[in-house]
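Student: output the structure for:
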Amino acid sequence: MILHEVTFGPATQGQGSEARNLAESYLAALCRNGQLGGEYSLVVRQGMLAAFVNLMGPQGWKTKSHSQIGVRERTKVAAFFGHAPQWKALQDAVPTREATWAKAPHLCLFTTYFERESPVRRGDNEQPIPLYRLPVTDADREGIRHWAAVYHDCDSLWLDCGALELAAYRQLADPRSELAQEGLAHCRTVEKATGLRTFYFLMRYWGRPEGEENRPCPLCGKPWRTQHPGAHPGGFWDFAFQCQPCRLVSHLADGPEGHEDYAGIGEYQPPGKPA
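Tutor: Residues are numbered from 1 along each chain as shown. Below is the predicted model of the structure:
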């Protein structure tokens, strides 16, 4: 992400509330379209209304990257202040090129609580593809962003190890969960739009002390072990498991032993067997 300052104009008395509302509506539209990442701070500095934001890509501020709603909100801002928002990069070494999905071998939908980049990544170099660069609808971009936010919430609950730990883990590790099914639907949308196979990363923490490396695909029950020998010996993207038909990738479990009761979460369930 790239830190920027965006200046709107004078925050004059009597119009301050309206100015702030217009600015926030504009920034919210950019967030929903995947142009901004994380939180932003709206401030008045030297009488000027401004915001500090993180752009998801170097072209994220440009009008061509806006959604229809973003263009509309930008027009309102420009009419109110008499000019379009002014953008300024606040860090050195701003990249000149954005990551693109073009010529990628495949894509992968992946995020964690600690990730604030786009959850759509190239399958060769892990680069996150800004959502506004994907040839999908505005609603699709907003849906992917919302899915990532829910994933972050579930991951946070699991990391906190509280009362909802197992329920959150099931959402992350079971391909039949609501979260995973929504993610797989987004994968199909991206794949249809780009023509690139798009895989869903399925978390796996608790495993079995024996036979873990030979477990079948949790959706179709067929072998899905790859040639990679460990969880991620050559890098995170060396997935130990990959199912082409189901569009799933995963790693070997790397949690502590002694939790075999939890190992069944996310494993293949033959037809007729209760989950």
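
Student: list the contacts of the spatially closest residue to residue 55 that is not a sequence neighbour.
Tutor: Nearest residue to residue 55, sequence neighbours excluded (C-beta to C-beta, 6 or more residues apart in numbering): residue 2, at 4.6 Å. Any C-beta I mention is one placed from the backbone N, CA and C, and that applies to glycine too. Contacts for residue 2 (C-beta atoms under 8 Å, 6 or more residues apart in numbering) come out as 54, 55, 57, 58, 60, 89, 91, 94, 95.

Student: helices along the protein, start to end?
Tutor: For the chain, the helices defined by DSSP state H cover 16-32, 68-81, 138-160, 165-173, 178-194, 260-263.

Student: next, the residue nearest to residue 58 when sequence neighbours are not counted: phi, psi?
Tutor: Once flanking residues are discounted, residue 58 sits nearest to residue 95: 5.4 Å by C-beta to C-beta, 6+ apart. With angles defined as degrees, to the nearest 10, residue 95 sits at phi -60, psi 150.

Student: local confidence estimate at residue 95?
Tutor: pLDDT for residue 95: 77.

Student: ok, the contacts of residue 2 vs residue 142, which is closest?
Tutor: residue 60 (15.3 Å; C-beta to C-beta).

Student: any idea how far the closest residue to the closest one other than its chain neighbours is from residue 222?
Tutor: Excluding the flanking residues, the one nearest residue 60 by C-beta to C-beta, 6+ apart is residue 35, at 4.1 Å. Using C-beta to C-beta, to the nearest Å, residue 35 is found at 40 Å from residue 222.

Student: average model confidence for stretch 185-203?
Tutor: The average of the pLDDT scores along stretch 185-203 is 98.

Student: name the residues of that stretch that are buried.
Tutor: Residues of stretch 185-203 classed as buried: 186-187, 189-191, 194, 196-203 (neighbour count, 16 or more other C-beta atoms under 10 Å).

Student: now the two most distant members of the residues you listed.
Tutor: The distance between the two most remote of the buried residues of stretch 185-203 (C-beta to C-beta) is 24.1 Å, for 194 and 203.

Student: phi, psi for the residue nearest to residue 96 when sequence neighbours are not counted please.
Tutor: Distance criterion C-beta to C-beta, 6+ apart; nearest residue to residue 96, sequence neighbours excluded, is residue 58 at 6.6 Å. With angles defined as degrees, to the nearest 10, residue 58 sits at phi -60, psi -20.

Student: residue 58: what's it in contact with?
Tutor: Counting by C-beta under 8 Å, 6+ apart, residue 58 makes contact with 2, 94, 95, 96, 97, 98.

Student: what's near enough to touch the second one?
Tutor: With contacts defined as C-beta under 8 Å, 6+ apart, residue 94 is in contact with 2, 58.
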